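1. what shape does this take:
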Amino acid sequence: MTTPHTIAVLGLGRMGSAIATRLTAQDLDVVGWTRSGRTSSTHETAGDVRQAVAKAGLVLLALSDGPACRQVLDDVRDSLRTDTIVLNTSTIAPAEAAGLARRLGPSYIHAPLLGSVPAAAAGALHILAAADQDVLERVRPVLDTLGTVRSVDDAATAAALKLIANHSLAGAVLALRDALRHADALGLPRAQALDVLELGGLGGLVARKRTFLTGRPATATAEFTIGALAKDMALLAAASNAPLRSTAGLAGAAAGPETDIAVAATVPAADDAVLEPLRAYIRGHATGDPAHFRDAFLPTARIEGIRDGAFVSWPLDEYCALFPGRPAPDEATRSRRIDTLGVHGTVATATMTLSHGADTFTDTFLLVRADDSWRIANKTYHRHL
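-> Residues are numbered from 1 along each chain as shown. This is a model prediction of the structure:
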């Protein structure tokens, strides 16, 4: 078992640069290359990608996405030595990983990484490696320098597991965002809320990202960006053919795609303007006054659902006629709450739970912004029996 004499690191972004620096610090012979032409003082860099791989026994890819991997491998394929191993640490779709494995054969290792820049610098990454065992053993000294190896059956599985791992990270970021929004609504100081959150299930994330969560991230360098995580979640949604809350939640973060993922947790809640028609709707039920519904809905809105076993689709006038202009006799025991709200430019979706005596309803709303104000365009409901 010998370490490949020269290691070409293709892609010198945040992770690629950290990996190349780590390998160089371990006295390994490293040459780097990046499409941006970026150079480094810690290791040799090549201006031409074919020059970078010509003498390499190991070519390590740390690229942004699947198309970048395909393009770079197309460019260097004729320059690779017959015994060169390609180690791809990039986060790409399972189908893309499987395609590269078929194309390159036994010389290809798909090895996505769990961990960000600090873990790479410390050699503490978790590496999901899919490869023939003898090929994996040839590069194990390099992998052991970077972290801990977990063998995976095939490239597609390794890629899928990486996306699942990042999905849990996205979920944690959004859970932290929700917690901070509620803390803000309750008037809690940010530092006090973070102190308590650090004691719970989100504690590791809060501790690592505290600088970004205090509103003073200007001097901190992003380790993993919102844009990169949103890209990974889009890959997962496409591969699983299932909706992901995190995809829209991260892609719509006002913080910007090049900021650290933790900044997504600090994005304020939606402006009160989008909540006002929902609150008017609540006032309509609380008072029985249909004027509040006319404030909440567009004149063209329809209210639809199953009533007494039959589908109904009421225009607004017909819906308003159901309300007598006074509260229900048991109004004191009734409650309503807004459960979810998603804003997408000039449209929004929301759900609400209404507990009306023995009946519980789930209402789903489509809202639109027109003439600088929000109105409900449509409501559908389900009565829980």
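
2. name the surrounding residues that touch the helix or strand containing V196.
-> Per DSSP states H and E: V196 is located in helix 190-197. Around helix 190-197, the neighbours that count as contacts under CB atoms under 8 Å, 6 or more residues apart in numbering are 176, 179-180, 183-184, 203, 206, 210, 213-215. C-beta here means a position set from N, CA and C on the backbone, and glycine is covered the same way.

3. and if we set it to 10 Å?
-> 175-176, 179-180, 182-184, 186, 188-189, 202-203, 205-207, 209-210, 213-215, 266 (CB atoms under 10 Å, 6 or more residues apart in numbering).

4. so which of the residues you listed sit within helices?
-> 175-176, 179-180, 182-184, 203, 205-207, 210, 213 (DSSP state H).

5. hmm, which of those are the buried ones?
-> 176, 179-180, 183, 205-206, 213 (16 or more other CB atoms under 10 Å).

6. Throw the residues you listed into a markdown table and include distance to T351 and pLDDT, thanks.
-> Supplementary listing: those in a markdown table, determined by distance: CB to CB, whole Å; pLDDT from 0 to 100:
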| residue | distance to T351 | pLDDT |
| --- | --- | --- |
| L176 | 22 | 96 |
| A179 | 20 | 95 |
| L180 | 21 | 95 |
| A183 | 22 | 95 |
| L205 | 27 | 95 |
| V206 | 28 | 97 |
| L213 | 28 | 92 |
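
7. by mean pLDDT, which helix or strand of the protein comes out lowest?
-> The helix or strand of the chain with the poorest confidence is helix 245-251; it has a mean of 71 (mean pLDDT, DSSP states H and E).

8. can you list contacts of it?
-> Contacts for helix 245-251 (CB under 10 Å, 6+ apart): 166-174, 177-178, 226-238, 244, 257, 261, 264, 267, 340, 342-344, 349.

9. got the buried residues for the following helix or strand past it?
-> Next along the chain after helix 245-251, taking DSSP H and E as the criterion, comes helix 272-287. Buried residues in helix 272-287, counted by 16+ other CB under 10 Å: 274-275, 277-278, 280-285, 287.

10. and stretch 139-155, by the same measure?
-> Buried-residue list, stretch 139-155, by 16+ other CB under 10 Å: 139, 142-143, 145-147, 149, 152, 155.

11. now the terminal residues of that stretch, how far apart.
-> Stretch 139-155 stretches 16 Å from its first residue to its last (CA to CA, to the nearest Å).

12. okay, now the unreliable bits of the stretch 51-200 of the chain?
-> The stretch 51-200 of the chain contains no residues with pLDDT under 70.

13. if we use 90, what do you get?
-> 55 (pLDDT under 90).

14. from the buried ones among the ones in helices among the contacts of helix 190-197, which is closest to P67?
-> L205 (30.4 Å; CB to CB).

15. show the contacting residues for that closest one.
-> Counted by CB under 10 Å, 6+ apart, L205 has contacts 169, 172-173, 175-176, 197-198, 213, 261-262, 265.

16. next one: R294
-> R294 neighbours (CB under 10 Å, 6+ apart): 280, 284, 301, 316-317, 320.

17. and if you look at L113?
-> So L113 contacts 15, 19, 62, 89-91, 119-120, 125-129, 146-147, 162, 165 (CB under 10 Å, 6+ apart).

18. okay, and the beta partners of it?
-> With DSSP bridges as the criterion, L113 is bridged to I127.

19. before we move on, what about A350?
-> In beta-bridge terms (that is, DSSP bridges), A350 pairs with L341, F365.

20. tell me how many other residues crowd it.
-> 23 (other CB atoms under 10 Å).

21. what of R302?
-> 17.

22. how about G227?
-> Neighbour tally, G227, other CB under 10 Å: 18.

23. I'd say it and P257 touch.
-> Yes. With contact defined as CB atoms under 10 Å, G227 counts as touching P257 (2.9 Å).

24. which members of the contacts of R294 define the maximum pairwise distance?
-> The widest separation within the contacts of R294 (CB to CB) is 16.8 Å, between A280 and D317.

25. now, among the ones in helices among the contacts of helix 190-197, which is nearest to H110?
-> L205 (27.0 Å).

26. tell me which of the buried residues of stretch 139-155 fall in helices.
-> Using DSSP H, those in helices are 139, 142-143, 145-146, 155.

27. look up the closest residue to H356, ignoring the ones flanking it.
-> Leaving aside its chain neighbours, H356 sits nearest to R334 (5.2 Å; criterion: CB to CB, 6 or more residues apart in numbering).

28. residue contacts, that neighbour?
-> Contacts of R334 (CB under 10 Å, 6+ apart): 285-286, 327-328, 354-357, 359.

29. least confident of these?
-> Within the contacts of R334, G357 has the lowest pLDDT, namely 90.

30. in terms of contact, does that residue touch T333 like I think?
-> Yes. Judged on CB under 10 Å, G357 makes contact with T333 at a distance of 6.9 Å.
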